[in-house]
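Visitor: all I have is the shape, not the residue letters:
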């Protein structure tokens, strides 16, 4: 499906520089079930907080049971608060494209199917949009994936936190079969591919 994760991360390292260095910045990513994406970013150096939630729809439908129907416009997302002095947005994109999910799966990730599991980057600044679009172009031009990248890049309109029992799910349920089979491998890949970014 893809070339080596190392070649992918090296290519993405050539993207647009992150020129804004505020004390704390926000990134929002959708890559399937938010449990695994949440767990990955919680183990990235420089990330201060990760919150699972919903984006793309309205406040009155930002509830798990409604989002799960797949017709609210929402995607399951994670809001990542990070220190750009320790980790750049470019590095967060590298993690997103190489270990957090498969950007070639349309409206699904693994066993989870529906538009709520789509691949998307909800940008919070014009610089983020430029970097996200540049990353996708680089990966596409170099044919890193056998299939086209389907990741949407759209400005963030609103973020709605998910219910409390969805927060920090992997850490609280490490032996749950879904977590063991689908999300634990992502953490192992993060540690292997990004040893200098990985924190316990």
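Guide: Yes, it's here. Just so it is clear, the model here is predicted, and its values are computed rather than measured.

Visitor: do I have it right that residue 193 meets residue 91?
Guide: No. If you go by CB atoms under 8 Å, residue 193 and residue 91 don't touch, sitting 11.5 Å apart. (Each C-beta comes from the backbone N, C-alpha and C, glycine too.)

Visitor: tell me which of the two has more neighbours.
Guide: In this view residue 193 and residue 91 are compared by other CB atoms under 10 Å, and residue 91 has more residues nearby, 22 against 18.

Visitor: quick one: contacts for that one?
Guide: Applying CB atoms under 8 Å, 6 or more residues apart in numbering to residue 91 gives the contacts 44, 194, 197.

Visitor: who are the contact partners of the closest residue to residue 71 other than its chain neighbours?
Guide: Leaving out its chain neighbours, the residue that sits closest to residue 71 by CB to CB, 6 or more residues apart in numbering is residue 115, at 7.7 Å. By CB under 8 Å, 6+ apart, the residues touching residue 115 are 70, 71, 73, 75, 107.

Visitor: tell me how many other residues crowd residue 46.
Guide: Applying other CB under 10 Å, I find that residue 46 has 17 neighbouring residues.

Visitor: could you report the pLDDT at it?
Guide: As predicted, residue 46 sits at a pLDDT of 97.

Visitor: OK, contacts around it?
Guide: Taking CB under 8 Å, 6+ apart, one finds 82, 83, 84, 85, 86, 87, 197 in contact with residue 46.

Visitor: ok, now with 6 Å
Guide: 82, 83, 86, 87 (CB atoms under 6 Å, 6 or more residues apart in numbering).

Visitor: ignoring the adjacent residues along the chain, who's closest to the first one?
Guide: Of all residues not flanking residue 82 in the chain, residue 47 sits nearest, at 4.8 Å (CB to CB, 6+ apart).

Visitor: ditto for the third one
Guide: If the residues on either side of it in the chain are set aside, residue 86 comes closest to residue 46, at 3.0 Å by CB to CB, 6+ apart.

Visitor: got it, and the second one?
Guide: Ranked by CB to CB, 6+ apart and with sequence neighbours excluded, the top spatial neighbour of residue 83 is residue 46, at 4.8 Å.

Visitor: same question, the last one
Guide: If the residues on either side of it in the chain are set aside, residue 87 comes closest to residue 46, at 3.1 Å by CB to CB, 6+ apart.

Visitor: from residue 65, how far out is that neighbour?
Guide: 34 Å (CB to CB, to the nearest Å).

Visitor: the spatially most central residue of the chain is in what secondary structure piece?
Guide: Nearest to the geometric centre of the chain sits residue 29, at 3.8 Å (CA atoms, centre = their mean). Using DSSP states H and E, residue 29 sits within strand 25-31.

Visitor: show me what that strand is packed up against.
Guide: In terms of contacts (3 or more CB pairs under 6 Å, 6 or more residues apart in numbering; DSSP states H and E), strand 25-31 is packed against strand 75-82, strand 119-123.
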